[in-house]
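Colleague: Give me the fold of what follows.
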Amino acid sequence: MMTAPRGAAGANAMFGHRPAPGSVPARIRVMVADDHTLFREGLARLLMDDGRMEVVATASNGQEAVRVALEVLPDVIFMDLKMPRMEGVEATQQILTRLPDLRVLILTTFDADTYVLQAMRAGARGYVLKDATLDTIIRSAQTVMAGDRVMGGRAGEVMLDLLTHPKPF
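Modeller: Prediction:
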């Protein structure tokens, strides 16, 4: 797990000085939760190098994601669905129960309708597949920070199909 040093942003977050809903700060404080080390560390590095994001923490499983999110109070969490100890949907529910203004953006390889629907029902603000470009991932974080929702690639098609041709679950 990586966490950011307690600087000005960390101190402000500790005392509840989070961005107003719908506002997009110059640098969005993000956390990456994914059990695949290469993906998690690689995405964190790419986001830090880009400059529009400040990676304040990483987590390698769902339990760790919940604990770390409550400690560092990121603006956005990039959450994988399938992780050990606790899956992303349950971690999303637990985090958003305690931090309802935080934005969770699912970043996964799974595009099946049940996964998309479960994640959105858990409170995720967006769903993006891991084959997205870095710019798409960053713009997705900016979009959810602005108060909108994101459905990237095939996930958007899945949701439209569910709306127009409902299936029992």
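Colleague: For the longest helix anywhere in the chain, name the packing helices and strands.
Modeller: As far as residue count goes, and with DSSP state H defining each element, the longest helix of the chain is helix 37-50. Packed against helix 37-50, as judged by 3 or more C-beta pairs under 8 Å, 6 or more residues apart in numbering; DSSP states H and E, are the following elements: strand 28-33, strand 53-59, helix 134-145. For glycine as for every other residue, the C-beta is placed from the backbone atoms N, C-alpha and C.
Colleague: Excluding its own residues, what touches the last one? List them.
Modeller: Outside of helix 134-145, the residues that reach it under the criterion C-beta atoms under 8 Å, 6 or more residues apart in numbering are 19, 23-25, 28, 30, 43, 46-47, 50, 52-53, 75-76, 78, 103, 105, 107, 125-126, 128, 132, 149-150, 152.
Colleague: Please find the angle between the direction vectors of it and strand 53-59.
Modeller: Helix 134-145 and strand 53-59 are oriented at 90 degrees to each other (axes from the mean of the first three to the mean of the last three C-alpha atoms, to 10 degrees).
Colleague: Which residues belonging to helix 134-145 are considered buried?
Modeller: For helix 134-145, burial by neighbour count (16 or more other C-beta atoms under 10 Å) applies to Ile137, Ile138, Arg139, Ser140, Ala141, Gln142, Thr143, Val144, Met145.
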